[in-house]
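> Would you be able to build a 3D model of this:
(one chain, ligands or ions: 1)
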Amino acid sequence: MAKFWKPGTEKPRLVEDEDGGVLFLYSSSSSSSSSSSTFGFANNLQNQRQRLPVYKRKDAILFLVENYATTIIVGETGSGKTTQIPQYLNEGGWSDDGHVIACTQPRRLAVQSVASRVAEEMGVKLGEEVGYVIRFEDVTTPGVTRVKFLTDGVLLREMMDDPLLSKYSVIMVDEAHERSISTDVVLGLLKKIQRRRPELRLIISSATIEAKSIASFFRPSKKHRGAGDDVVPKREPAIISAEGRGFTVGINYVQEPVADYLQAAVSTVMLIHKQQAAGDILVFLTGQDDIDAAAQLLNEEAQSSDRSTGGLLVLPLYSGLSRADQARILSSSVTLQDLVFSPTPRGKRKVIISTNIAETSLTLEGIVYVVDSGFSKQRFYDPISDIENLVVAPISKASARQRAGRAGRVRPGKCYRLYTEEYFVNEMPAEGIPEMQRSNLVSCVIQLKALGIDNILGFDWPASPSPEAMIRALEILYSLGVLDDDAKLTSPTGFQVAEIPLDPMLSKAMLASGELGCSEEMLTIAAALSVQSIWISIRGAQKQLDEARLRFAAAEVSPSAPLYSPMLRTQGDHVTFLNVYKGFLQSGKSSKWCHKNFVNYHAMKKVLETREQLKRTAQRLGIILKSCDKDMQAVRKAITAGFFANACHIEPYTHEGKFKTVRTSEDVYIHPSSVLFRVNPKWVVYHSLVSTDRRYMRNVVTIDPAWLVEVAPHYYQYQGPGSLNR
Ligand SMILES: Nc1ncnc2c1ncn2[C@@H]1O[C@H](COP(=O)(O)OP(=O)(O)OP(=O)(O)O)[C@@H](O)[C@H]1O
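Residues are numbered from 1 along each chain as shown. Down below sits the predicted model:
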């Protein structure tokens, strides 16, 4: 293999740390010797690339990648890790001979935006030499794509077909400090793969704080050390720091703790707008609710008569953006996401109000000011009740740095933290709790099982999950018939469920629908559940949305029909999805039709695409594709076959629509967004629970309790009329 590091261009110094073994490399700051492009626009981009701090480390990075199996790169935000290192590897020959360089990201939005940027910098069309893959979206060309960006979840799926990930020469796991559940699983598996494929190189990019623990995770255990340690690549991980950042970001703190971060964020934006020079503002809040509320307050201020507060272009940004998307630009073909990434119109100042999806890897060009509320929504899972709550919780110092790092990327910036400096220094936790330790592990366990990892409890995790959550996941999979008595995947059910890229309960419903003759309908339902929402919600128009939704609630429906009586609305939300889908197809997939019916056009286009992909998987698995036409009973039964563990019955003699879960006898209620809200059927199964003031069931369907015994006799026993036991 060629030497990519050119001796003489840089003098790396390798130092062992006090624990022995872990290598630190301090390099001089001489600049790299790579040549630059000779074309106009490209030249400009090439100059920008060469100004990035990581450029000074180019040769050192290539040296380490060549000589060490694992290289950990720590560096400030904006130093160029994500966009540059894959290109250096490409230039260095790591994508020759049909090999591919992979770079994983925890978030889909980051995958898409970084891939476009790198394609632009390399002067190639996105999807050719540079491509990306996120769930249900593959923008690569096999045999042509050399640099591929993907979510770590997608990389996990790829391991099912190719357990050793043999097409990749280098895999860069970016933003490892975020400790998303998939990143942790990927790290654990890559460590295993490396033992079978010593030629595979790993690059792990991380904030400083996590680098040491990641390095010690990758250090070979005594069992695997010994002979061969002096051969290249060396197995001890190396750490390199790409110190230095693009532009300075001045940090400002509040003097006193703020009582209401949302109000404080709005006031801060208005102050920046009145007092500070031109430049867009990025505000970090926690979720759709407070983002929409802040957007409304800002829009009201912007429309006020005071001319100095005009000129604000307020744009919300959260996952499943599509919901707010058309609310703003209804039938336009421009998505809100396009607006977020496009240049700011003259005379305007963009205010992008985002969740933490904009926290890492994104460069939003016009951003000069960042307003950080200090909070984010985080998942916390309770394995006993099997409920995953989204809780507003304080962020970590690592997150705060990432947020500030969204400014200062193309020019100097300022960050306004809505907490005190004293809090930041003394109280804010250095890092967050790994997602692995606060999540439902069902999907993670089934993926590991599918990869042949039977001893899940003994798996080498970067952070061990709780035994309770692990046991609960095994229990659920066992009850679905996915695992056998020895906790091995059953054949064919277990292997089939693992292959369908959906939550295992939904995958099980998909399999059942093949037997019940309603797989065409289940494909539509699964695709609709995979988008955030098929509805557009417009603040202040909730009543019209509810009415629009109800028009699709019964089995036989025409959008022009009058509202159905609640007595007829007995089928549930999944059936509603089918009616919307049918109406959308009948309209010729019209955006006008969507607009009229409060249906999100972009979401429906996504449903069509996702449905096609799921259909291909179903065909591959031999699921018989058949429509049950109007027999909604078959559909509801198939859903029950997947979601029987989520069965609930209404509490008689209460007037508030209280249900009890069969499994744990907990009080739950139908969510107001469900077409079954206030209808209160006797028996239902739900798709998910959300916890606010109460526990609410979302996406609910009515069932006959006899089906529970029929589809899950191992789980339920019939105890006489109206009575069922686990
Ligand atoms: N879409 C873009 N438009 C303009 N400049 C960009 C764009 N993407 C990246 N850049 C430039 O490249 C720099 C490096 O971005 P990159 O994402 O590679 O940094 P990073 O070190 O991975 O940072 P982070 O860890 O914060 O994601 C940015 O600071 C910016 O100057």
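> domains for this structure, by residue range?
Split into domains by automatic domain parsing, the chain comes to 4-9+247-435, 52-242, 441-484, 500-726.
> and the ones you listed, which is most packed in?
Scoring the domains of the chain by mean neighbour count under mean count of other Cβ atoms under 10 Å gives domain 52-242 as the most buried, with a mean of 20. Every C-beta, even on glycine, is put in place using the N, C-alpha and C of the backbone.
> how far does that domain sit from the chain's center?
Distance, stretch centre to chain centre, for domain 52-242: 18 Å (Cα atoms, centre = their mean, to the nearest Å).
> wait, does it contact the ligand?
Yes: taking Cβ under 6 Å from any ligand atom as the criterion, domain 52-242 and the ligand are in contact, through 52, 75, 77-84, 117.
> Adding pLDDT, distance to G622 and secondary structure, write these out as TSV.
Shown next, in TSV, are the residues of domain 52-242 next to the ligand (pLDDT from 0 to 100; distance: Cβ to Cβ, whole Å; DSSP: H, G, I helix; E, B strand; the rest coil):
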residue	pLDDT	distance to G622	secondary structure
L52	89	50	coil
G75	82	48	strand
T77	84	48	coil
G78	85	49	coil
S79	87	49	coil
G80	91	47	coil
K81	92	44	helix
T82	94	40	helix
T83	95	43	helix
Q84	96	45	helix
R117	94	41	helix
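> and the residues you listed, which two are the farthest apart?
Using Cβ to Cβ, the two most remote members of the residues of domain 52-242 next to the ligand are G75 and R117, lying 17.2 Å apart.
> element containing the closest residue to the ligand within the stretch 601-726 of the chain?
Taking Cβ to the nearest ligand atom, the ligand has its nearest neighbour within the stretch 601-726 of the chain at H602, 22.0 Å off. Here H602 sits within helix 601-620, counting by DSSP states H and E.
> D289 now?
Per DSSP H and E: helix 288-302 holds D289.
> cool, Q633 as well?
Assigned by DSSP H and E, Q633 falls within helix 632-643.
> Can I get the helix or strand just after that helix in CSV, CA atoms only?
Next along the chain after helix 632-643, taking DSSP H and E as the criterion, comes strand 647-650. Extracted in CSV, the C-alpha atoms of strand 647-650 (Å, rounded to 0.1, in the frame of the first residue of the first chain):
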residue,chain,number,x,y,z
ALA,A,647,-53.9,-3.6,24.4
CYS,A,648,-56.1,-1.4,26.6
HIS,A,649,-59.7,-1.5,27.7
ILE,A,650,-61.9,1.3,28.8
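> how distant is strand 647-650 from the center of its chain?
Centroid separation for strand 647-650 versus its chain: 31 Å, with Cα atoms, centre = their mean.
> Show me what the helix or strand following it packs onto, helices and strands only.
Under the assignment DSSP H and E, the closest C-terminal helix or strand after strand 647-650 is strand 658-661. Helices and strands touching strand 658-661, by 3 or more Cβ pairs under 8 Å, 6 or more residues apart in numbering; DSSP states H and E, are strand 647-650, strand 667-670.
> could these go into a markdown table alongside distance to the ligand and mean pLDDT?
What follows is these, written out as a markdown table (distance: least, Cβ to the nearest ligand atom, whole Å; pLDDT from 0 to 100):
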| stretch | distance to the ligand | mean pLDDT |
| --- | --- | --- |
| strand 647-650 | 43 | 94 |
| strand 667-670 | 40 | 93 |
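> Throw those strands into a markdown table and include distance to D629, thanks.
As requested, those are exported to a markdown table (distance: least, Cβ to Cβ, whole Å):
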| stretch | distance to D629 |
| --- | --- |
| strand 647-650 | 26 |
| strand 667-670 | 28 |
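> For L64, which of the ones you listed is the nearest?
Closest approach to L64 among the helices and strands packed on strand 658-661 (Cβ to Cβ): strand 667-670, 53.2 Å.
> so what strands line up beside the closest one?
strand 658-661 (antiparallel), strand 695-702 (parallel) (DSSP bridges).
> Report the distance from it to the chain centre.
Centre to centre, stretch against its chain (Cα atoms, centre = their mean), the figure for strand 667-670 is 27 Å.
> Let me know the angle separating the helix or strand following it from helix 632-643.
Going down the chain from strand 667-670, the next helix or strand is strand 683-691, by DSSP H and E. Angle of strand 683-691 versus helix 632-643, following axes from the mean of the first three to the mean of the last three Cα atoms, to 10 degrees, is 50 degrees.
> Identify the residues contacting V154.
133-135 (Cβ atoms under 8 Å, 6 or more residues apart in numbering).
> elements contacting the helix holding D289?
Checked by 3+ Cβ pairs under 8 Å, 6+ apart, helix 288-302 has helix 261-275, strand 312-317, helix 322-329, strand 349-354 packed alongside it.
> from the contacts of V154, which single one is nearest K637?
Of all the contacts of V154, R135 has the smallest distance to K637: 27.4 Å, by Cβ to Cβ.
> Test my guess that that closest one contacts L150.
No: at 9.7 Å, R135 does not count as touching L150 under the criterion of Cβ atoms under 8 Å.
> how about the residues of the chain near the ligand?
The interface of the chain toward the ligand, taken as Cβ under 6 Å from any ligand atom, is made up of 52, 75, 77-84, 117, 246, 360-361, 363, 365, 405, 409-410.
> where in the stretch 551-700 of the chain is pLDDT low?
Scanning the stretch 551-700 of the chain for pLDDT under 70 picks out 554-570.
> Actually, the stretch 401-550 of the chain.
Ranges of the stretch 401-550 of the chain meeting pLDDT under 70: 537-540.
> which residues in it form helices?
For the stretch 401-550 of the chain, applying DSSP state H, counting those that start in this stretch gives helices covering 421-426, 442-450, 467-479, 493-499, 504-516, 519-530, 542-551.
> Next up, the contacts around the most centrally placed residue in the chain.
Taking Cα atoms, centre = their mean, the centroid of the chain lies closest to R107, which sits 4.4 Å from it. Residues near R107 by Cβ under 8 Å, 6+ apart: 151, 319, 357, 360-361.
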